[in-house]
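*Asks:* A structural model of the following input is requested.
(chains A and B)
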Amino acid sequence: MTPMIDVTFLLLTFFMLASHFASAEKLDIELPRPDRNQAVDERFPDKVILNVVDRGDDAEPMWTVGAVRVGSLAELAERLDRIAEADRQVQVILRADRRLRYGQVRQVMEVVADSGLTRLQVVTELD
Amino acid sequence: MSDHASSRGHVSTAATGSARVLSPSRGRRRGGLTISLNLTPMIDVVFLLIFFFLTVSRFGASEGVLPAELPARAAAATVEVPRVPIRVRFVPVARGEPRCRVTIDRFQETPIPIAELADRLTAIGADVPGFDRDTPVILMADLSIAWDDVVNAYNASIAARYRHVYFATDEPAAEGGR
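*Replies:* Just a heads-up that it's a prediction; the model follows:
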């Protein structure tokens, strides 16, 4: 019995240390990987997570606000307007796929800025 | 005095009335009784914890953020840049190269890898009169440039300790950024 308990506790310790908690708001995205990354692991109490998912060169990206998928940039603007009405100090966490074109991300940044939200956090992969 | 063994191996002793677990092969003998610890609930809990961590955890790289600030109403706004800026331009990626290169107006006309941008910007800020960490850095990216490259250049500007970094396009429309 003792070896099994040893192994079990080892497994438990491994999972506790090596895992990050999954969040439905954070889609599985290939994030940018800059050299000499200056990004910091920071938590924000008031935030809205925007996911921009690459769907190939010929297709528009997929956008989500948190876990909720939005069908168009107009709908995204609508949602962000509502968030900005409630609190303009909300941090916008931009999780955009590294394979996207700058233009595809820029149009999202313009929608964010148009809503009146100015605090943006660009998410990258940490080393 | 009669010991009554239950189906799960518990016995009651007349002396204490307490339940003990019988383990014929292991455990400590005390007054004719073999006593051992019942580990089953602990193992249940540990397996539950493992199951919990297995299901809710995500493996892979962790994430960090690079702070930026957007101008309100970006589509219409053109940010006034107060000083002579440093303009970084992106040279589209050549076949076989994983990342595009950059040039810096007036300072670096030959394209260099983005990995060298931070050192080049640091040198400009330190050595060129009139340029310092408050000089605006404008990232002039064509809309077809990979987002990864733009973020990499933005990160390099932050690594070079510049305080005002702007995203821009080659079209003179909107400038946003840090």
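
*Asks:* Pull out the buried residues from the strand or helix carrying A:V7.
*Replies:* A:V7 belongs to helix A:2-18 when assigned by DSSP states H and E. By neighbour count on 16 or more other Cβ atoms under 10 Å in any protein chain shown, the buried set for helix A:2-18 is A:T8, A:L11, A:L12, A:F15. All C-beta atoms are positioned from the backbone trio N, CA, C, and that covers glycine.

*Asks:* Stretch A:108-124 too?
*Replies:* Neighbour-count burial for stretch A:108-124, counted by 16+ other Cβ under 10 Å, picks out A:108-115, A:117-124.

*Asks:* picking that back up, does at least one residue of the helix holding A:V7 sit close to chain B?
*Replies:* Yes - remark: helix A:2-18 sits within contact range of chain B at A:I5, A:T8, A:F9, A:L11, A:L12, A:F15, A:M16, A:A18, by Cβ under 8 Å from any Cβ of the partner chain.

*Asks:* follow-up on the earlier one: quick one: which two of the buried residues of stretch A:108-124 are the most distant?
*Replies:* Across the buried residues of stretch A:108-124, the longest distance by Cβ to Cβ is 24.4 Å; it joins A:D114 and A:T124.

*Asks:* contacts for the one helix or strand A:D114 maps to?
*Replies:* For A:D114, the host element (DSSP H and E) is helix A:102-115. With contact meaning Cβ atoms under 8 Å, 6 or more residues apart in numbering or on different chains, helix A:102-115 is reached by A:50, A:52, A:60-61, A:63, A:73, A:76-77, A:80-81, A:83-84, A:92, A:94, A:96, A:120, B:70-75, B:77, B:141-147, B:149-150, B:167, B:169, B:174, B:176.

*Asks:* C-alpha coordinates for it, CSV please?
*Replies:* Coordinates of the C-alpha atoms in helix A:102-115 are reproduced here as CSV (Å, rounded to 0.1, in the frame of the first residue of the first chain):
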residue,chain,number,x,y,z
TYR,A,102,-1.8,43.0,-38.0
GLY,A,103,-4.8,44.4,-39.8
GLN,A,104,-7.1,41.7,-38.3
VAL,A,105,-6.0,42.7,-34.8
ARG,A,106,-6.0,46.4,-35.5
GLN,A,107,-9.6,46.4,-36.4
VAL,A,108,-10.4,44.9,-33.0
MET,A,109,-8.2,47.5,-31.3
GLU,A,110,-10.1,50.3,-33.2
VAL,A,111,-13.4,48.8,-32.0
VAL,A,112,-12.1,48.8,-28.4
ALA,A,113,-10.9,52.4,-28.7
ASP,A,114,-14.2,53.5,-30.3
SER,A,115,-16.1,52.1,-27.3
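
*Asks:* tell me the mean pLDDT over that helix?
*Replies:* Regarding helix A:102-115, the rounded mean pLDDT is 92.
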